[in-house]
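Engineer: next come a sequence and a model predicted from it.
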There are 2 protein chains.
Amino acid sequence: MILTVTLNAALDITYRVPALTPHAVNRVGEVHERPGGKGVNVARVLSSLGHACTVTGFAGGHTGDVLRRMLARLPLHDALVPVAAPTRRTVAVTDDSTGDTTQLNEPGPAVTPEEWAAFLSAYGTLLDGAEAVALCGSLPPGIHVGAYADLVRRARAAGVPVLLDTSGEPLRRGIAARPDLIKPNAEELALLTGSREPRRAVRDARRRGAHAVVGSLGPDGLLAATPEGTWQAAPPAAERGNPTGAGDSAVAALLSGLVEGLPWPERLARAAALSAATVLAPAAGEFDRGAYERLRERVTVTAHTDN
Amino acid sequence: MILTVTLNAALDITYRVPALTPHAVNRVGEVHERPGGKGVNVARVLSSLGHACTVTGFAGGHTGDVLRRMLARLPLHDALVPVAAPTRRTVAVTDDSTGDTTQLNEPGPAVTPEEWAAFLSAYGTLLDGAEAVALCGSLPPGIHVGAYADLVRRARAAGVPVLLDTSGEPLRRGIAARPDLIKPNAEELALLTGSREPRRAVRDARRRGAHAVVGSLGPDGLLAATPEGTWQAAPPAAERGNPTGAGDSAVAALLSGLVEGLPWPERLARAAALSAATVLAPAAGEFDRGAYERLRERVTVTAHTDN
């Protein structure tokens, strides 16, 4: 079983509007709802790849109830911990006239110290049966900024490989606890290291404590700095489409490659192909399986010798 | 008991953001939820004015459950009829940098013929105990455009005074069924009559079938064309604030004046003062009771002799 942690799980709502007009009344054409938060998205992709997956984190309030009812219809094990405050909603307003999306993200539930203690206890039990764990996304209010560092240390103490996918100060603190893998995007890498030069930035991120760093560089693919070498994996061409969820697909591919014991170039080829196939799929966070199979054969993985 | 009908009740969500940036990710600072839809707002104001109030219409899905739990905490009688599809949400995004609001309104539940029949049966029973009824707001998908005309006729057959507050084709059809009162705003009047000249427009709206017409003209107050005469009621000065809910407060004041048997000038003074006190309150749809009491003495009601 692969464990994914989503401390700030979400009820993702999508609104389609003909053309978003700020400071006016907009009539919404279509409404879609699905369970969200990075770790939930990663688990959904992992289960599509054939891995048994358990989802933990927090759920609360009426939005948490809806989230759990929707999760119950997916082939995932729901081990979310109850909280009193409501799970956040995210509202993505997609504008048919421009194709752009305006995103509104609620802050998430205020988690109490007792609820955090209950989570730590559940997490310890879940680690016992896990082949790997992914710690994903933002922290809800009430969770201390060093929370991910704590969760990384507990995974390492339990001998479970741990991937950390977050940003800002929680990422900075988490790296110092020496996770096995981080997957920052270009923006997160720049924020962490101060460098916008990707090869410099991934090397610097490794020096800060991560055993391996895979930077996701959008259309340029993935750049990995690992104990076994440095590689760049690029799809045959930049894909046009909806990039939402491409990073979560890369995390799922990297985790699946890790637990299957694939060599790094194969893990990266899988991650680059799955990311590109996610961009190609019409719905955010889904992937096009045919495109994935085709692209996996056509991703170029290049070894760099400069570390 | 006063009955208010909200066929398209809503869960009203308000997001405060520092500055809304279209086509980007916006982090929401504060989230507020409350029961919404025009008839629900009217009932809340009526109960603040000391009138017993029953709310009917439709509620369904998880959003309907939340709406009903919130209604249970208010001094109103909940007689909403269950539907299978979910109650709509409205999302009001208030921008702290400009003070403006961007509104996103979901379409509402698709109501089946069986659910409409169940509503008509409940409506008939509720009319038996009603001193007056207000039919408020938009029609959800699945409800025929002549629905309000039908509800007006049933109220008149039961001898219950009926106020209709809607817009567009449902208003046009509803007027033909001869409601006792309509309260269009300037935009709705223009759409109905083709005239942007308020005195001409309210007279024309009466000719179309409404026994009395009270046009709400924003800072210019109210213009009433009734069988007993024509009046304009204006607050002492235009109030700056949040106009959301001012029209619903005017409806509540007009209904309360009707069931109390007040003369038209007093009804109009109450409605103009309550509207202005709603604009002055910081929260949308609330009213400032002190301002209301002060303004009621200071509203000018002028009789027009030109009808």
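Structural biologist: It's in.

Engineer: show me where the stretch 101-250 of chain A has its strands.
Structural biologist: Along the stretch 101-250 of chain A, the segments classed as strands by DSSP state E, counting those that start in this stretch run A:101-105, A:132-136, A:162-165, A:181-182, A:212-216, A:222-226, A:229-234.

Engineer: now render these as TSV, adding mean pLDDT, distance to chain B and mean neighbour count.
Structural biologist: Backbone N, C-alpha and C define where each C-beta goes, glycine included. Shown next, in TSV, are the strands of the stretch 101-250 of chain A (pLDDT from 0 to 100; distance: least, C-beta to the nearest C-beta, whole Å; neighbours: other C-beta atoms under 10 Å in any protein chain shown):
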stretch	mean pLDDT	distance to chain B	mean neighbour count
strand A:101-105	93	4	21
strand A:132-136	98	17	28
strand A:162-165	98	16	28
strand A:181-182	98	21	26
strand A:212-216	97	17	25
strand A:222-226	97	22	24
strand A:229-234	96	26	20
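
Engineer: quick one, grab the pLDDT at A:N307.
Structural biologist: pLDDT for A:N307: 48.

Engineer: and A:A303, by the same measure?
Structural biologist: pLDDT at A:A303 comes out at 95.

Engineer: before we move on, what about A:L280?
Structural biologist: Reported pLDDT for A:L280: 85.

Engineer: how many residues are close by it?
Structural biologist: 20 (other C-beta atoms under 10 Å in any protein chain shown).

Engineer: kindly report the same for A:S97.
Structural biologist: When neighbours are counted by other C-beta under 10 Å, A:S97 registers 9.

Engineer: ramachandran coordinates for it?
Structural biologist: According to degrees, to the nearest 10, the main-chain angles of A:S97 amount to phi -80, psi -30.

Engineer: wait, doesn't it sit right on A:T21?
Structural biologist: No. Counting by C-beta atoms under 8 Å, A:S97 does not reach A:T21; the two are 10.1 Å apart.

Engineer: pick out the residue of the stretch 151-300 of chain A closest to chain B.
Structural biologist: Closest to chain B within the stretch 151-300 of chain A is A:T244: 10.7 Å, counting by C-beta to the nearest C-beta.

Engineer: where's that residue relative to A:T94, distance?
Structural biologist: With distances taken as C-beta to C-beta, to the nearest Å, A:T244 is found 10 Å from A:T94.

Engineer: what touches both of the two?
Structural biologist: The contact sets of A:T244 and A:T94 overlap at A:T101 (C-beta atoms under 8 Å, 6 or more residues apart in numbering or on different chains).

Engineer: if we can go back for a sec, if we compare the strands of the stretch 101-250 of chain A, which one ends up closest to B:V214?
Structural biologist: Among the strands of the stretch 101-250 of chain A, strand A:101-105 comes nearest to B:V214, with 36.5 Å by C-beta to C-beta.

Engineer: same for that closest one, what does it pack against?
Structural biologist: On a contact count with 3 or more C-beta pairs under 8 Å, 6 or more residues apart in numbering or on different chains; DSSP states H and E, strand A:101-105 meets strand A:88-95, strand B:25-27.

Engineer: just the terminal-to-terminal distance for stretch A:225-243.
Structural biologist: Taking C-alpha to C-alpha, to the nearest Å, the first and last residues of stretch A:225-243 lie 23 Å apart.

Engineer: surely A:N105 touches B:A24?
Structural biologist: No. The criterion here is C-beta under 8 Å, and A:N105 misses it with B:A24 at 11.0 Å.

Engineer: in stretch A:61-72, what counts as buried?
Structural biologist: For stretch A:61-72, the neighbour count (16 or more other C-beta atoms under 10 Å in any protein chain shown) marks A:G61, A:H62, A:T63, A:G64, A:D65, A:V66, A:L67, A:R68, A:M70, A:L71 as buried.

Engineer: output the below-cut-off pLDDT ranges for chain A.
Structural biologist: Scanning chain A with the threshold set as pLDDT under 70 gives A:284, A:306-307.

Engineer: what are the ranges of the helices in it?
Structural biologist: A:38-48, A:61-71, A:113-128, A:147-157, A:168-176, A:186-193, A:198-207, A:246-259, A:264-280, A:289-298 (DSSP state H).

Engineer: Throw the ones you listed into a markdown table and include distance to chain B, thanks.
Structural biologist: Below are those laid out as a markdown table (distance: least, C-beta to the nearest C-beta, whole Å):
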| stretch | distance to chain B |
| --- | --- |
| helix A:38-48 | 14 |
| helix A:61-71 | 5 |
| helix A:113-128 | 19 |
| helix A:147-157 | 19 |
| helix A:168-176 | 12 |
| helix A:186-193 | 11 |
| helix A:198-207 | 22 |
| helix A:246-259 | 14 |
| helix A:264-280 | 18 |
| helix A:289-298 | 26 |
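
Engineer: quick one: which of those is nearest B:P86?
Structural biologist: Across the helices of chain A, closest to B:P86 is helix A:61-71 (C-beta to C-beta), at 9.7 Å.

Engineer: how near is A:I175 to A:F119?
Structural biologist: According to C-beta to C-beta, A:I175 and A:F119 sit 21 Å apart.

Engineer: just A:A92 next, same as before
Structural biologist: Relative to A:F119, and taking C-beta to C-beta, A:A92 is found at 27 Å.

Engineer: pick out whichever of these two has more residues nearby.
Structural biologist: Between A:A92 and A:F119, counted using other C-beta under 10 Å, A:F119 has the larger neighbour count: 23 against 19.

Engineer: and that one, what does it touch?
Structural biologist: A:L7, A:T56, A:G57, A:F58, A:V81, A:V111.

Engineer: max pairwise distance over those: which two?
Structural biologist: Checking these with C-beta to C-beta, the most distant pair is A:T56 and A:V111, at 13.3 Å.

Engineer: wouldn't A:R296 be in contact with A:L268 here?
Structural biologist: No. A:R296 is beyond contact range of A:L268, at 10.9 Å (criterion: C-beta under 8 Å).

Engineer: so which of the two has more stuff around it?
Structural biologist: A:L268 (28 against 19).

Engineer: can you tell me how far the closest residue to A:A79 other than its chain neighbours sits from A:G99?
Structural biologist: Using C-beta to C-beta, 6 or more residues apart in numbering or on different chains and skipping the chain neighbours, the partner closest in space to A:A79 is A:T56 (4.4 Å). A:T56 sits 35 Å away from A:G99, going by C-beta to C-beta.

Engineer: neighbour count: these two, which is higher?
Structural biologist: A:T56 (24 against 9).

Engineer: specify the beta-bridge partners of that one.
Structural biologist: Taking DSSP bridges as the rule, A:T56 bridges to A:V5.

Engineer: and stretch A:174-193, end to end?
Structural biologist: Separation of the first and last residues of stretch A:174-193 by C-alpha to C-alpha is 14 Å.

Engineer: and it, what's buried?
Structural biologist: Buried residues in stretch A:174-193 (16+ other C-beta under 10 Å): A:174-175, A:177-186, A:188-189, A:191-193.

Engineer: likewise for stretch A:108-122?
Structural biologist: Quick answer for stretch A:108-122 (16+ other C-beta under 10 Å): A:G108, A:P109, A:V111, A:E115, A:W116, A:A118, A:F119.

Engineer: so the fifth one sits against A:I143, correct?
Structural biologist: In this case it means A:W116. Yes. Using C-beta under 8 Å, A:W116 makes contact with A:I143 at a distance of 6.5 Å.

Engineer: partner residues bridging the closest residue to A:A155 other than its chain neighbours?
Structural biologist: Spatial nearest neighbour of A:A155, chain neighbours left out: A:V162 (3.9 Å); criterion: C-beta to C-beta, 6+ apart. Per DSSP bridges, the residues bridged to A:V162 are A:V133.
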